[in-house]
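A.B. asks: 3D model of this:
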Amino acid sequence: MPARMNPPHATDPLDPLDPFTPAVELAAAVRRKEVSPVEVAERFLRRIDDLDPGLNAFCHRADDDVLKAAAAAADTVARGTEGDALPPFLGVPLPVKDLVDVAGWPTTYGSAGAARTPAAVSGPVVRRFVAAGFVLLGKTTTSEFGAVPFTENDTLGITRNPWNTARTPGGSSSGAGVAVAAGMAPIAHAEDGGGSIRIPASCTGLVGLKPTRGLVTDETVLVEGFGTSGVVSRTVADTAAALDVLARHDPGAWWSPPAPRRSFADALWRDLPAGLRVGALTRSPVDGIPVDPACVAAVDAVLRALESAGHHLVDTPLPLPPAGELIGAFTTVWNAGAAAVPLADPERVEPHNRAMREAARATDSWAYVEGVQRTQHFSRRIVEGFLAGYDLLVTPTMACLPPPVGAWRAGADDNPMAALLNSYPMGVFTSVFNVTGQPAISVPVHHDEATGLPVGVQIVAAPWREDLLLQAAGLLERTLPWANRRPPVG
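C.D. replies: Next comes the predicted model:
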């Protein structure tokens, strides 16, 4: 279905009850007392009532909790006087992906086999969101254990793309992408262990940043450092401001850098440094996976925009290891990624995850450590080559457009691991940078005219250079704007 084109917010007076108002602007309207957090919460809850039955973005709703938190935020605003320092996102609703704990709510991990006991305490990422003033809006759908980039299972049902409900919205942060794209939330928590922030951002026309390994900590290190938390949002400014909330020094973590010296939001006020070296990778890192022409066209548009802004295109190849070796090391770690998930009934785990768990159990500790070491050696080689050749690297976010719902099933009845293999075109460009730990952002710079579907482009920087990514994404937001694109729902 084609996109409905609307005027961008930049040319219209701000309507804080417009469900597509960016989170930063909504927070400013709350602080100015132009709108009450309760009004905002009620507006989004009604939107969820209207749209979610056909999209399936939310798997847990606690509307009484939402309205109670919104009322508390409203009281905080009412008691404040001009000049009072209020939390940056006071009164802004934000749903949480159902892979992390929220006190008093169950965490299903997208699995029929998981226990449904309400969490005793919230995880560190959730606590940072709450301290920043966000009103937790419920929990969003995910593939089981976040293992594959789609949510189509017996536990949570099928999560559908608001641009075309016959297509997947990507994943594993499926519900997060749908909630924001459809205007059921202004911003949403997401996680990324192989592309699960960037893939749904590409599929649903959003901004999605995977931070540098270790910048955003959680209760434990996720999948040997492949995984991290972030958000999906409609604007670069929202993503930058949310990263300021999440990127805090965490002395209890196994590794955590000092607090960033500068605000990521402030980085958007500074110009991108002149004369950056910009590389491109448009051929799949895995032989035999074709790249859709629309995805290549999106990269070409970004390269032209960056070159026009005075940056230098370089053709230095990225020193990737043989695909089979990298995939082998990656899957050794990935198969064991759900080892810590508390299961009440392991027999109810989905076939592809059962196969992955069995493969993990068949791998002895010596072989597992060898797999971890190989990923670290590959990472060092890739990052050293990146630093020598580029300041930024541009790739398609995915090698394909959002696939049809059910496309992953081909061959899965005979080989459960086919679900993972069929997902390679979605994650072939993203997962490399989970191994290297580099920051990478997907921006929705292109729309495929034939299908009406969004097409994201991934930009990668050196470790700890989120500032460059945000500045580059901000430049693209101005030169290849996407604010006037909304899906044909509601």
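A.B. asks: only C-alpha atoms from now on, for both contacts and neighbour counts.
C.D. replies: Noted.
A.B. asks: can you show me the strands along the stretch 251-400 of the chain?
C.D. replies: 277-280, 312-313, 392-396 (DSSP state E, counting those that start in this stretch).
A.B. asks: what does the shortest one rub up against?
C.D. replies: With contacts defined as Cα atoms under 8 Å, 6 or more residues apart in numbering, strand 312-313 is touched by 275, 276, 277, 278, 279, 303, 307.
A.B. asks: of those residues, buried ones?
C.D. replies: 276, 277, 278, 279, 303, 307 (16 or more other Cα atoms under 10 Å).
A.B. asks: ok so, going back, closest one to residue 317 out of the contacts of strand 312-313, please.
C.D. replies: Lowest distance from residue 317 to these (Cα to Cα) belongs to residue 279, with 8.0 Å.
A.B. asks: in this structure that closest one contacts residue 386, no?
C.D. replies: No. The criterion here is Cα atoms under 8 Å, and residue 279 misses it with residue 386 at 9.2 Å.
A.B. asks: which stretches of the protein aren't confidently modelled?
C.D. replies: 1-14, 81-83 (pLDDT under 70).
A.B. asks: so which residue is dead centre in it?
C.D. replies: residue 197 (1.8 Å; Cα atoms, centre = their mean).
A.B. asks: that one reaches residue 232, doesn't it?
C.D. replies: Yes. Counting by Cα under 8 Å, residue 197 touches residue 232, with 6.7 Å between them.
A.B. asks: now for the two: what residues contact both?
C.D. replies: With Cα under 8 Å, 6+ apart as the test, residue 197 and residue 232 both reach 190, 208, 209.
A.B. asks: show me the contacts for the first one.
C.D. replies: Think residue 190. Per Cα under 8 Å, 6+ apart, neighbours of residue 190: 96, 97, 173, 176, 196, 197, 229, 230, 231, 232.
A.B. asks: what about 7 Å?
C.D. replies: 97, 173, 176, 197, 229, 230, 231, 232 (Cα atoms under 7 Å, 6 or more residues apart in numbering).
A.B. asks: and the fifth one, how far is that from residue 216?
C.D. replies: Computed as Cα to Cα, to the nearest Å, the residue 229 to residue 216 distance reads 6 Å.
A.B. asks: kindly report the same for residue 284.
C.D. replies: Counting by Cα to Cα, the gap from residue 284 to residue 216 is 29 Å.
A.B. asks: more neighbours: which of those two?
C.D. replies: Neighbours were counted for residue 284 and for residue 216 using other Cα atoms under 10 Å; residue 216 has more, 25 against 18.
A.B. asks: now the more buried one. Nearest residue, chain neighbours left out?
C.D. replies: The shortest distance from residue 216 to any non-neighbouring residue, by Cα to Cα, 6 or more residues apart in numbering, is to residue 247 (5.0 Å).
A.B. asks: quick one: the one you found and residue 218 touch, right?
C.D. replies: No. Look at residue 247 against residue 218 with Cα atoms under 7 Å: they stay out of range, at 10.7 Å.
A.B. asks: look at the two and report which has more neighbours.
C.D. replies: A count of neighbours by other Cα under 10 Å puts residue 247 above the other of residue 247 and residue 218, at 25 against 21.
A.B. asks: for residue 190, name its beta-bridge partners.
C.D. replies: residue 230 (DSSP bridges).
A.B. asks: so residue 459 belongs to a strand, correct?
C.D. replies: Yes. Residue 459: assigned to a strand according to DSSP: H, G, I helix; E, B strand; the rest coil.
A.B. asks: before we move on, back to that, between the buried ones among the contacts of strand 312-313, which is closest to residue 415?
C.D. replies: Using Cα to Cα, those come closest to residue 415 at residue 279, 37.8 Å.
A.B. asks: OK, contacts around the closest one?
C.D. replies: Applying Cα under 7 Å, 6+ apart, the residues near residue 279 are 313, 314, 315, 316, 390, 392, 393, 394.
A.B. asks: let's see it at 8 Å
C.D. replies: Residue 279 touches 313, 314, 315, 316, 389, 390, 391, 392, 393, 394, counting by Cα under 8 Å, 6+ apart.
A.B. asks: closest one of those residues to residue 183?
C.D. replies: Closest to residue 183 out of these is residue 394 (28.5 Å), distances taken as Cα to Cα.
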